[in-house]
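>>> Sharing a sequence plus its predicted fold:
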Amino acid sequence: MRKIAPCLLWVGILTALALPASAETRTITWSPVTSYSDGTPIEAGKTVSYAAYWTTDPGLGSLRTIGTSLTTTSATFDPGVQGMTRGGTVYFTMKTVLNTGEESALSPASAWVVPVVTPPAVTLGSIAVSGPTSVNEGGTGTYTAAGTWSDGTTTAISPTWSENSTYATISTSGVLTASAVPSNQAVTVTATFGGRTSTMSVTIVDVPGTVPVPVPVSAATLSSIAVGGPTSVSEGGTATYTATATWSDGTTTTVTPTWSTNLGTISAAGLFTPPNVTSNQAATVTATYGGRTGTMSVTIVDVPGAVPAAVKNLGITGPMVSGTTTTWRLTWTPVTTFTNGTPLAPGRTVRYTVYWSDTSTLTVNSLRELSSGISEPALDFDPLSRMERNRKTYFVVRAILDTGEESPLSAALEWVAANAGPKAPSGGFIKRKH
């Protein structure tokens, strides 16, 4: 029987199509197949289709399907949906299938490094001013501003303040001071921040019978900074902190300081993200503003029971060694996150235990340990030293952290340790004709 020529995979993957929520598509292409492997053209009337696969094994083991029954010489896929590890290397291969059932060999492997997706930068969408809509003459009112960002969050900001009246002044911290007025006067308070502007109309109220007495006023100076927010945060969570300034005239205002911390990270808006910890840890959140510093001690709470994610992508290749024994290799994708998707902290180590069973139910009593304490995502084993020939075997793997937390069992990989075939018949003889 003539063999179909294998597909020729083009080197490279076509540019991704931009899609929302960090999704993307890629297109892989190959040359059309029009002949058999001996160069003979495929007969008219026969139709050609293709199947496309990918794997993390350069030897093309453990293939995962991108598409089958493809009538074009290309296939589109989403790396995230396929489960490809960002920054890792994968290998593509194809085969040709005729409508009469003949299939080609797999095309040579083509390597591709899965690109890392960078999230879009957060930008300021709008700002809004809040505060009293009226202030009595001779009195004060404090105004604040909040920014709404492109990711939907809203945070307090420290804008540039201004007003448009000779009957009032407003400080850099948003305190409006009203002068004496002959009648009610309208003032516009304006906040400007990050190229955005917001206004608010304020009425300065004339108070009948009030005779204003000029009093020398000196500019208030900053006395201290106080940090407010939760005193504890669980690992994997977040908390928002604020800073309040106390001035020499006894007033207090919310300010936007420069934030810092000795553990984890804290954003310019005061959002604190703690690291993963193996036991409760004390962190210090620090706010610096106007030459003053305020601190707050925060306990990062170790959350018991945070377990690593389940092992994925089990595959078997081999035989690795032939002779008196035949060795096969079981591989899987390394575990780098907890079950909720949070990355494991730097310095944490993961080891693996491999089990096998000859029943698909995978009950606890049916699981037999193949090996434990494995530091790499691979294990070489001789199946015939413990498994029956031609009987289905099911492999599962569990990840175990250095602190003892265990992952759920992986999905089972079904496999058969085959023998060399049945024994030839013997003892033949010719019966006498009756």
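Great, that's in hand. Note that the structure is predicted; figures quoted are calculated from it, not measured.
>>> contacting residues for Gly141?
When contacts are counted by C-beta atoms under 8 Å, 6 or more residues apart in numbering, Gly141 touches 131-132, 135, 175-176, 178, 202. C-beta: built from backbone N, CA, C; applies to glycine.
>>> would it count as being in a strand?
Yes: looking at Gly141 with DSSP: H, G, I helix; E, B strand; the rest coil, it is inside a strand.
>>> how about low-confidence regions in the protein?
Filtered on pLDDT under 70, the chain yields the residue ranges 1-2, 5-23, 209-218, 304-305, 321-324, 418-434.
>>> now the residue nearest the centre of it, what's its secondary structure?
By C-alpha atoms, centre = their mean, the mean C-alpha position of the chain lies nearest to Gly341, the distance being 6.8 Å. Secondary structure assignment for Gly341 (three-state DSSP): coil.
>>> What's the separation between the closest residue to it other than its chain neighbours and Ser49?
Excluding its sequence neighbours, the residue lying closest to Gly341 (C-beta to C-beta, 6 or more residues apart in numbering) is Ala309, at 7.7 Å. The gap separating Ala309 from Ser49 is 37 Å, by C-beta to C-beta, to the nearest Å.
>>> So for the two, which sits in the more crowded spot?
Taking other C-beta atoms under 10 Å, Ala309 and Ser49 do not tie; Ala309 has more neighbours (20 against 16).
>>> Phi and psi next, for that one.
Torsion angles at Ala309 (phi, psi; degrees, to the nearest 10) stand at phi -70, psi 160.
>>> List the residues that contact it.
Contacts for Ala309 (C-beta under 8 Å, 6+ apart) come out as 335, 337-339, 341, 399, 407.
>>> By neighbour count, which of those residues wins?
Busiest of these [other C-beta under 10 Å] is Ala399, holding 26 neighbours.
>>> tell me the contacts of it?
Taking C-beta under 8 Å, 6+ apart, we find Ala399 in contact with 308-311, 335, 350-352, 406-407.
>>> can you confirm it is in a strand?
Yes: assessed by three-state DSSP, Ala399 belongs to a strand.
>>> Distance to Thr252 added to the contacts of Ala309, as a markdown table?
Below are the contacts of Ala309 laid out as a markdown table (distance: C-beta to C-beta, whole Å):
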| residue | distance to Thr252 |
| --- | --- |
| Val335 | 49 |
| Thr337 | 43 |
| Phe338 | 41 |
| Thr339 | 44 |
| Gly341 | 40 |
| Ala399 | 51 |
| Ser407 | 50 |
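>>> is it true that Ser69 touches Ala51?
Yes: counting by C-beta atoms under 8 Å, Ser69 touches Ala51, with 7.4 Å between them.
>>> Common neighbours of those two, please.
When contacts are counted by C-beta under 8 Å, 6+ apart, Ser69 and Ala51 are jointly contacted by Val97.
>>> of the two, who's got more company?
With neighbours defined as other C-beta under 10 Å, Ser69 and Ala51 compare such that Ala51 has more, 21 against 8.
>>> Quickly find the element holding that one.
Using DSSP states H and E, Ala51 sits within strand 48-55.
>>> ditto for Ser279
Here Ser279 sits in a region with no helix or strand, counting by DSSP H and E.
>>> And it, how close does it get to Thr68?
Distance from Ser279 to Thr68, counting by C-beta to C-beta: 51 Å.
>>> okay, those two: which has more neighbours?
Taking other C-beta under 10 Å, Ser279 and Thr68 do not tie; Thr68 has more neighbours (13 against 8).
>>> Quick check: that one vs Ala51, distance?
Thr68 sits 4 Å away from Ala51, going by C-beta to C-beta.
>>> between the contacts of Gly141, which is nearest Ser267?
For the contacts of Gly141, the closest approach to Ser267 (C-beta to C-beta) belongs to Gly131, at 25.2 Å.
>>> how many neighbours does that closest one have?
As a burial measure, Gly131 scores 17 neighbours (other C-beta under 10 Å).
>>> Could I get the contacting residues of it?
Counted by C-beta under 8 Å, 6+ apart, Gly131 has contacts 141-144, 174, 176, 189, 200, 202.
>>> and the two most separated of those residues?
Distance extremes for the contacts of Gly131: the farthest pair is Thr144 and Val202 at 13.5 Å, using C-beta to C-beta.
>>> Looking at those two, which one has more neighbours?
When neighbours are counted by other C-beta under 10 Å, Thr144 and Val202 differ, and Val202 comes out ahead with 25 against 17.
>>> For the more buried one, which non-adjacent residue is closest in space?
Nearest residue to Val202, sequence neighbours excluded (C-beta to C-beta, 6+ apart): Val187, at 4.8 Å.
>>> What is the burial count for the nearest residue to Thr299 once chain neighbours are set aside?
Distances taken as C-beta to C-beta, 6+ apart put Ser232 closest to Thr299, at 4.2 Å, once the chain neighbours are dropped. Ser232: 15 surrounding residues under other C-beta under 10 Å.
>>> Would you agree Ser232 is in contact with Val298?
Yes: if you go by C-beta under 8 Å, Ser232 and Val298 touch, sitting 6.5 Å apart.
>>> circling back to that earlier point, a markdown table for the contacts of Ala399, including secondary structure and distance to Ser107?
Formatted as a markdown table, the contacts of Ala399 follow (DSSP: H, G, I helix; E, B strand; the rest coil; distance: C-beta to C-beta, whole Å):
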| residue | secondary structure | distance to Ser107 |
| --- | --- | --- |
| Pro308 | strand | 36 |
| Ala309 | coil | 33 |
| Ala310 | coil | 32 |
| Val311 | coil | 29 |
| Val335 | coil | 32 |
| Val350 | strand | 35 |
| Arg351 | strand | 37 |
| Tyr352 | strand | 33 |
| Glu406 | strand | 41 |
| Ser407 | coil | 36 |
